[in-house]
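1. Mind looking at a prediction? Sequence and model below.
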Amino acid sequence: MSEILNEPASENRSENRSEIEEFLRDRGAAAMEHPGGTLLEHLIRVSRRLAEWGAQPGVQIAGLCHATYGTDGFAPSLLDLADRAVLVELVGERTEALVYLYASCDRAATYPRLRGDEYPVFRDRFTEADFQPPATDLRAFLEITTANELDVFQHNADLATRYGPAMYRLLEPVHSLLSDAAWEAVRRDLGTPFEV
């Protein structure tokens, strides 16, 4: 998977990670409650998990910033969509596009379309437009989704019990699009303790 998630060197802005974390802190991420502490702590853990799985630096940074515009499961945002250029300047166009993809996913419309036998159509919850993301973006989206949900479940047993089996069922048909490490984490964390 690593070759699929490569990005141009000019887009790799992971070397300014401390600046990115400071941006998130300045936008209030360190003050927002989230399972396992604060939103900032969650974002850092998601990014680290992606690094452990071997994700490219741009995907790791997208994981660090994945809640910048809010998400379908976490409404508060750190930056208005009208100010996307601010995040582009900080993390690069490619990485910001992954952040937007994650944030814009209408889960109710998109998740049922994630099946292993066909290419999924996404729905953008901001524009309500349907589209097919490129394969590299789909893989990055799924990797970030997996890292995010596993972190939430690790820090909130009630959410893990209620939603863990459904997440396993969501990811199982598309597990070939995940890195081996991500799928192993899903199997370890969600496949054993739950009836699926």
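-> Thanks, I have it.

2. So which residues of the protein form helices?
-> 17-26, 39-52, 57-64, 84-91, 93-104, 107-110, 135-155, 157-171, 180-186 (DSSP state H).

3. nearest to Asp72, of those helices?
-> With distances scored as CB to CB, the stretch of the helices of the chain nearest to Asp72 is helix 107-110 (4.4 Å). In short, each C-beta sits where N, CA and C put it, glycine included.

4. Show me what that closest one packs onto, helices and strands only.
-> For helix 107-110, the elements it packs on are strand 122-123, judged by 3 or more CB pairs under 8 Å, 6 or more residues apart in numbering; DSSP states H and E.

5. Just the pLDDT for Phe122.
-> Listed pLDDT for Phe122 reads 95.

6. Ignoring the adjacent residues along the chain, who's closest to the residue nearest the centre of the chain?
-> Centroid-nearest residue in the chain: Ile144, 2.9 Å away (criterion: CA atoms, centre = their mean). In space, and not counting its chain neighbours, Ile144 is closest to Gly63: 5.0 Å by CB to CB, 6 or more residues apart in numbering.

7. and what of Tyr102?
-> Distance criterion CB to CB, 6+ apart; nearest residue to Tyr102, sequence neighbours excluded, is His66 at 4.8 Å.

8. Low-confidence regions, the protein specifically.
-> Scanning the chain for pLDDT under 70 picks out 1-14, 192-196.

9. try 80 this time
-> 1-15, 116-118, 192-196 (pLDDT under 80).

10. Number of residues surrounding the residue nearest to Ile144?
-> For Gly63, the neighbour count with other CB atoms under 10 Å is 31.

11. for Val174, same thing?
-> Residues near Val174, counting by other CB under 10 Å: 17.

12. Distance of it relative to Leu87?
-> 27 Å (CB to CB, to the nearest Å).

13. Could you give the number of residues near the residue nearest to Tyr102?
-> 26.

14. give the contact list for it.
-> Residues counted as contacts of His66 (CB atoms under 8 Å, 6 or more residues apart in numbering) are Leu43, Val46, Val99, Tyr102, Ala103, Ile144, Asn148.

15. Widest-spaced pair of those?
-> Every pair of the contacts of His66 checked by CB to CB; the farthest is Val46 and Ala103, at 13.4 Å.
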